[in-house]
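Colleague: one predicted model, sequence on top.
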Amino acid sequence: MVRNLFLDGTTVEQQKPELITIIEGPTPDFHPSPQDWLQSIYEGPDDRDAVFCQLRTNNGKSIMERCQLAWHEKRPVKLEYPDDLRMPQMADVIAMRLTEVDEGPLLQLWLSFPFEYDEDDDDDDDDEELEGFDEDDDGFFYG
């Protein structure tokens, strides 16, 4: 029997992520996570943002059990959700909590998103730096 192994010795089946799929409803509202400790859970070579969202669900206990089993098996858990154009997107789930509210079960998810650099924030700084810029200056001072 041939088994495809990753460098860490796990098989393809062991690396298959557990999915939490949003089938209907709007795109979730993602908010910056107010918890500082969350960044330490998902440290890695990439710049990532930890965000928070809340989802109402009818099968929260089942979702929690599936995700806890996946984490126990060292498999990733991902949220599959539609973006504003209804195209499927995925994000890594790094923590979750199931709570009860008046409307029913509420699944709280902390997710890891790629860090997005907002170029609009630095446009003013670039203009100030370029005010004294001389294209013909070669950078050497011949005092």
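Modeller: Cool, got the structure. The structure displayed is predicted, hence computed values, not measured ones.
Colleague: which strands or helices does the lengthiest helix in the chain pack on?
Modeller: Longest among the helix segments of the chain by residue count, using DSSP state H, is helix 60-72. Helix 60-72 sits against strand 18-21, strand 77-82, strand 88-101, strand 104-114, with contacts defined as 3 or more CB pairs under 8 Å, 6 or more residues apart in numbering; DSSP states H and E. Yep, even glycine has a C-beta here, placed from its N, CA and C like the rest.
Colleague: now the angle from the second one to strand 104-114?
Modeller: Relative orientation of strand 77-82 with respect to strand 104-114: 100 degrees, computed using axes from the mean of the first three to the mean of the last three CA atoms, to 10 degrees.
Colleague: could you give the angle of strand 77-82 to helix 60-72?
Modeller: Using the same axes, to 10 degrees: strand 77-82 against helix 60-72 is 130 degrees.
Colleague: likewise for the last one?
Modeller: Angular relation of strand 104-114 and helix 60-72 on a 0 to 180 degree scale: 30 degrees, by the same axes, to 10 degrees.
Colleague: quick revisit: what angle do the longest helix of the chain and strand 88-101 make?
Modeller: Going by the same axes, to 10 degrees, helix 60-72 makes 120 degrees with strand 88-101.
Colleague: so what touches helix 60-72?
Modeller: Contact with helix 60-72 is made by 17-18, 20, 57, 76-77, 93, 96, 98, 105-107, as judged by CB atoms under 8 Å, 6 or more residues apart in numbering.
Colleague: pick the most deeply packed of the helices and strands packed on helix 60-72.
Modeller: Highest mean neighbour count among the helices and strands packed on helix 60-72 (mean count of other CB atoms under 10 Å): strand 77-82, with a mean of 19.
Colleague: what mean pLDDT would you report for that strand?
Modeller: Mean pLDDT, computed over strand 77-82, is 95.
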